[in-house]
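> model this:
(4 chains)
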Number of protein chains: 4
Amino acid sequence: MIIQFEPNISQESRQIVAEEMKAHKYKTTEVKTQKGDYLVGIGKEHFDIRKIGHLDGIKDIHVVSDDYKLVSSKWKVNQTQIDLGDGIKIGDGEFAIMAGPCSIEGEENIMKTIEHLKANGLSIMRGGVFKPRSSPYSFRGMGLEGLKLWYKLAREHGIKIVTEVMQVSQIEEMYEYVDIYQVGARNTQNFNLLDELGKVDKPVMIKRGISGTIDELLYSAEYVFSAGNERLMLCERGIRTYERASRNTFDINAIPILKDKTHLPVIADPSHGIGIRDYVEPIALASTIAGADGVIFEAHEVPDKALSDGQQTLSFDASSRLIAKIRKVLELNGSY
Amino acid sequence: MIIQFEPNISQESRQIVAEEMKAHKYKTTEVKTQKGDYLVGIGKEHFDIRKIGHLDGIKDIHVVSDDYKLVSSKWKVNQTQIDLGDGIKIGDGEFAIMAGPCSIEGEENIMKTIEHLKANGLSIMRGGVFKPRSSPYSFRGMGLEGLKLWYKLAREHGIKIVTEVMQVSQIEEMYEYVDIYQVGARNTQNFNLLDELGKVDKPVMIKRGISGTIDELLYSAEYVFSAGNERLMLCERGIRTYERASRNTFDINAIPILKDKTHLPVIADPSHGIGIRDYVEPIALASTIAGADGVIFEAHEVPDKALSDGQQTLSFDASSRLIAKIRKVLELNGSY
Amino acid sequence: MIIQFEPNISQESRQIVAEEMKAHKYKTTEVKTQKGDYLVGIGKEHFDIRKIGHLDGIKDIHVVSDDYKLVSSKWKVNQTQIDLGDGIKIGDGEFAIMAGPCSIEGEENIMKTIEHLKANGLSIMRGGVFKPRSSPYSFRGMGLEGLKLWYKLAREHGIKIVTEVMQVSQIEEMYEYVDIYQVGARNTQNFNLLDELGKVDKPVMIKRGISGTIDELLYSAEYVFSAGNERLMLCERGIRTYERASRNTFDINAIPILKDKTHLPVIADPSHGIGIRDYVEPIALASTIAGADGVIFEAHEVPDKALSDGQQTLSFDASSRLIAKIRKVLELNGSY
Amino acid sequence: MIIQFEPNISQESRQIVAEEMKAHKYKTTEVKTQKGDYLVGIGKEHFDIRKIGHLDGIKDIHVVSDDYKLVSSKWKVNQTQIDLGDGIKIGDGEFAIMAGPCSIEGEENIMKTIEHLKANGLSIMRGGVFKPRSSPYSFRGMGLEGLKLWYKLAREHGIKIVTEVMQVSQIEEMYEYVDIYQVGARNTQNFNLLDELGKVDKPVMIKRGISGTIDELLYSAEYVFSAGNERLMLCERGIRTYERASRNTFDINAIPILKDKTHLPVIADPSHGIGIRDYVEPIALASTIAGADGVIFEAHEVPDKALSDGQQTLSFDASSRLIAKIRKVLELNGSY
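Numbering: from 1, shown residues only, chains lettered A, B, ... in the order given. Below is the predicted model:
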């Protein structure tokens, strides 16, 4: 059960509600986000919610049958839109195309990518500075210094930054330089990280776990929301299956299912979803027509020389062609 | 290695070629299809293929590095197109929309479906008369009598039939009444059935196995082709994964990968691929934009009363809306 | 619901029972096996089964909540034991060790294997004569002639034969030469084959599908049983997962689960279950201690020269060591 | 390549080696563990390692072809044994049985478990105080206070503690109260956590990821080892597959494969591996006979009242029976 409070609800009224819930054996969690205050109640008893609804300071009450509550579309009719400032928005009709290298490699790499984005009218750049790597001996990214350099150049050109945060201690040090914190597929169930991202006033994009279920992804989002941050996106990036012709199995089914189950924006990552450069385009287009609110893909000035996984990285030419096609699909989506 | 023979090649020349291949330790298989004669050689030695190329009666020679040969796009530049007669074609630019009930239920069900198809300008009807069912106590379809009735009504209205064949003995008894033999997901590696379908002069559509790999699907097609039938289609219908929010995981990656690896038409089955009525449309559109040569889906006059799986079956209204949208996507595909 | 008939039940009594069931909206299937006659009823209504129990000719009535009925342990308290004749039995305390080559290769191969079996006190030999192969160009086994040769030699030495049947037409031609029909992992849901094997008076061993569920395996057994053959075994042989360090993932969990759900003997196939020669032994021992009624594994006089998959095949020395260890585990199992 | 240094190697000699490696384009990582100093070199060039071997201060040099190095059995012939003090050891012939509740629930629960352990001659108790939970609204464990209470009681009775650490900040606060840090299945690729655990002077047990590969588990161990901690164990706890008859699919294959690939002790967790109380015993025995160095399972005084997952938790009676059987299997293992 989700109880939305009025902004001016008194402390006394909050308490009355909490006690009423307790009387019905509901465990309650107070949630205070950028957009409002909520009381989430977890319990099994059915009771007349009008008992609470008439109390002072109550804006609305929603009975949500899903196990996740705040991220469910069952209580929030409107799609969530995330405002990054400077007119850049994601969700609820605003489609986001985010591109950039796998790993941030240095000034030249950043500048060439920014030029490519601007030439195509894009305003969000992806790139890793903290890279999760299976082997401890692999390149783990440029780190905070890379992020600072990237931030400086990006800000000069009006570009927003989405990049992965790998641990709690990075949240604060990255704060000034990041526009969207990305939670990677290996951290989807790093619950401490999610808890802490819930306390931050910056948008978060959570990638689905390497073999995470759709429900687990929604639960992970519930962690962030219930900890106080409702500026959230979800990202389908392919799941692990037995098939080896592709690097992952992009779960296109997840797009319409997530769009139905949650009010949060849903982003598609075709680069990781299929993992083969030549096939990124059809997966990106498929995701777009299936209802995604955005795509995030890898592009590099010389993919074969990219520091990290170039095999799934588009050349700028291929990226430009893809962007043009996505826009045509968006037109088509808008036409019926 | 694939050696294409001239139509008029002499028996003597065939023998010379076969012996030359044998001298290089190649195992050879003679293949005689509706469209030509081939010799497929399996071996490892590299030798100068001009030795063979200059022989009488040789049209062309192709070294194919894939483990499957005849179905590979490495030797056949042109896409295969399957002609069902009456101007109805699949592949190489001709997109096929096939719809109908899960199981054929009787005259009324057939007639309503035919009317729906004709109202939407479609000409291929799907439906099961032999139904593979996990439990021996479930309804296993109307059988041959159902097929005969269906055939009679379909022919009266110029409708083609695609339906599943489950065992070798059915091939002959179904022959007169079927336009496309469908090999179901549980029979993808029923090699005897594939062998026998290779001897038939009717098109075959092979569904990917429940947890079959893309390569295994191509090998299964190679069985049919090498046994003599090159009027073949492949069908992606979702694979079995750990995810339970959908019935199967539709492998959208398989569409561009198959289109790249083989010259055969690739069909998408979104009904089984996601298994939930409300989400069939986005998966069908995604498949279309990703490059499929056709879609096959379930539609029924009253889905909730369908004899077999109504949960994944579209109403005729939903079907009509989907068909219209598919056509818009095809226009878009043609525009760039 | 399973109704066991007395051997001498009158036709009239059968009819009365069937009508009573029909009155409660149960769909009934008459089953006549080697061991008795049954009426299986599928329905949802709860009614007083004493209504039927008091009728003439009724031996017992069992309400079985599982979706599979005849193979369920819910009605049959005693474990099924399969008697192959000559004192060779499987199940209900009789553990079977079956070994032999992947493919039968010829007289020498057969004789060396028979000698190895006899030296170790074994009496069931495995081997393929019809081999299901992904590629049509691979060796598909010696066929019926190989089976006849094998049979001749095996009979001379008192050895029983278990071998795969791939299609309906082979059942009859193999009949005289086979002691256990094996249904391979690609045919677990070849329902026509299962139906026909239900009509045969020889034991059947059904392998779990490549990605079949435990329930699907039980359903497949229900096909054979309900068609009239209750001399049935099940075989766990590994499932397809994302892991590539082994060829399949042997599902050890399936052993205790199957032993609990069904009264049929459960066999383990460690050769396919892990697919790497050096690790076959621990998997065989693990299966034995986990409660399997037998193991079937590949052994060959020179594994590296085996015609089919030698990588998973034990040498005779390794096989002898394994057999000795299995017997020690059986002693231990018997001790507590 | 792994270069083992002599304890007294001079700084100068270290530098010479590092430069020699650099000259051959090897990237080097200096590793300083409880047991010695190493230089790990990652590179492709083949060169005469005697060039380095003759240098002062070099104990040994090993060329390791695996991608993981320090955890590979290719260089370290002897099995690793972990000494917890007070005569309690794991690995290299010392089998560890660890039992206890899913979550630590309070004094009574701790004391009853300790009594159960002591009655059965066990000395390591498992239990969660920080619980990773899919839903933010679930009970997340007693936290540090619970651990302190547990520690006090455990120490009084000579019991060692293994418990999960979920984030970097907990490492230090838990340090005094824990004997083995457990890395849970959701944190197997939490590389920052692994890095930090590499700096701690306490043993670490890493669980395999929910759908982690065997190689990924070894890489994760390489993180800890290369960061300085070689007192490491691995734990197979079941993987995520399509099968739903069990909670996870216990990968018994992983036991012999891991034992072959690494010198680290391998522990089996049958409670999570199958997830059903009645079947924990056969999986535990199977793991033991397959070569595991220990088992860890859940036991509770009243499983049905356990705070966390009671469904997979043994009663103390069942636990005692299992322990006795494991010991018989160990005797058998020792006998051949």
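> quick one: residue A:20 is in a helix?
Yes: counting by DSSP: H, G, I helix; E, B strand; the rest coil, residue A:20 falls inside a helix.
> can you give me the strands in the stretch 201-336 of chain A?
Along the stretch 201-336 of chain A, counting by DSSP state E, counting those that start in this stretch, strands occupy A:204-207, A:232-236, A:266-268, A:294-298.
> show me what the last one is packed up against.
Counting contacts by 3 or more Cβ pairs under 8 Å, 6 or more residues apart in numbering or on different chains; DSSP states H and E, the secondary-structure elements packed against strand A:294-298 are strand A:96-100, strand A:124-126, strand A:266-268, helix A:270-274, helix A:280-289, helix A:316-335. (Each C-beta comes from the backbone N, C-alpha and C, glycine too.)
> find the closest residue to chain D in the stretch 201-336 of chain A.
Here the stretch 201-336 of chain A gets closest to chain D at one residue, residue A:211, 3.3 Å apart by Cβ to the nearest Cβ.
> now do that residue, the pLDDT please.
pLDDT recorded at residue A:211 is 95.
> next: the one 10 residues further on.
Among the per-residue scores, residue A:221 holds a pLDDT of 97.
> can you tell me the closest non-neighbouring residue to it?
Take residue A:221 and drop its neighbours on the chain: the residue closest to it by Cβ to Cβ, 6 or more residues apart in numbering or on different chains is residue A:71, 4.5 Å away.
> got it, and residue A:83?
Spatial nearest neighbour of residue A:83, excluding adjacent residues (Cβ to Cβ, 6+ apart): residue A:89 at 5.2 Å.
> I figured residue A:63 was touching residue A:3, is that so?
No: assessed by Cβ atoms under 8 Å, residue A:63 is found out of contact with residue A:3, at 10.4 Å.
> for the stretch 151-300 of chain A, what lies in contact range of chain B?
A:211, A:213-215, A:239, A:241-246, A:249-257, A:260, A:273-274, A:276, A:278-279, A:282-283, A:285-287, A:289-291 (Cβ under 8 Å from any Cβ of the partner chain).
> alongside chain D, which residues does the stretch 151-300 of chain A contribute?
Within the stretch 151-300 of chain A, the residues that sit near chain D (Cβ under 8 Å from any Cβ) are A:166-169, A:186-187, A:189-193, A:195, A:209-211, A:215-216, A:219, A:222-223, A:226-227, A:240.
> buried only: go through those residues for me.
Buried members of those, counted by 16 or more other Cβ atoms under 10 Å in any protein chain shown: A:166-168, A:186-187, A:189-193, A:195, A:209-211, A:215-216, A:219, A:222-223, A:226-227, A:240.
> show me the beta-bridge partners of the residue nearest the centre of chain A.
Nearest residue to the geometric centre of chain A (Cα atoms, centre = their mean): residue A:205, 2.1 Å. Following DSSP bridges, residue A:205 is listed with bridge partners residue A:182, residue A:233.
> how about low-confidence regions in the stretch 51-200 of chain A?
Within the stretch 51-200 of chain A, not a single segment meets pLDDT under 70.
> how about the helices in it?
A:107-119, A:143-156, A:168-174, A:191-197 (DSSP state H, counting those that start in this stretch).
> just how off-centre is the second one within its chain?
If I follow you right, that is helix A:143-156. Its chain's average C-alpha position is 21 Å from that of helix A:143-156, according to Cα atoms, centre = their mean, to the nearest Å.
> name the helices or strands packed onto it?
Packing contacts for helix A:143-156, counted by 3+ Cβ pairs under 8 Å, 6+ apart, involve helix A:107-119, strand A:160-164, helix A:168-174.
> do that again at 7 Å, thanks
The contact analysis (3 or more Cβ pairs under 7 Å, 6 or more residues apart in numbering or on different chains; DSSP states H and E) places helix A:143-156 against helix A:107-119, strand A:160-164.
> the longest one - contacts with which helices or strands?
Secondary-structure packing of helix A:107-119 (3+ Cβ pairs under 7 Å, 6+ apart): strand A:124-126, helix A:143-156.
> do you know which of those lies nearest residue C:19?
Closest of the helices and strands packed on helix A:107-119 to residue C:19 is strand A:124-126, at 70.5 Å (criterion: Cβ to Cβ).
> now do the closest one: everything it contacts.
A:88, A:96, A:98-100, A:113-114, A:117, A:154, A:159-162, A:296 (Cβ atoms under 7 Å, 6 or more residues apart in numbering or on different chains).
> could you identify which of those has the most neighbours?
Ranked by neighbour count (other Cβ atoms under 10 Å in any protein chain shown), the contacts of strand A:124-126 have residue A:100 at the top, with 31 neighbours.
> bridged to that residue, which residues?
Beta bridges link residue A:100 to residue A:298, judged by DSSP bridges.
> quick check, it in contact with residue A:113.
Yes: here residue A:100 reaches residue A:113: they are 5.1 Å apart, a contact under Cβ atoms under 7 Å.
> contacts only, for the spatially closest residue to residue A:316 that is not a sequence neighbour.
In this structure, residue A:316 finds its nearest non-sequential neighbour in residue A:116, 4.7 Å apart by Cβ to Cβ, 6+ apart. When contacts are counted by Cβ under 7 Å, 6+ apart, residue A:116 touches A:299, A:316, A:319.
> any idea how far residue A:116 is from residue C:136?
Distance of residue A:116 to residue C:136, given as Cβ to Cβ, to the nearest Å: 48 Å.
> one more: residue A:42?
Counting by Cβ to Cβ - residue A:42 and residue C:136 are separated by 58 Å.
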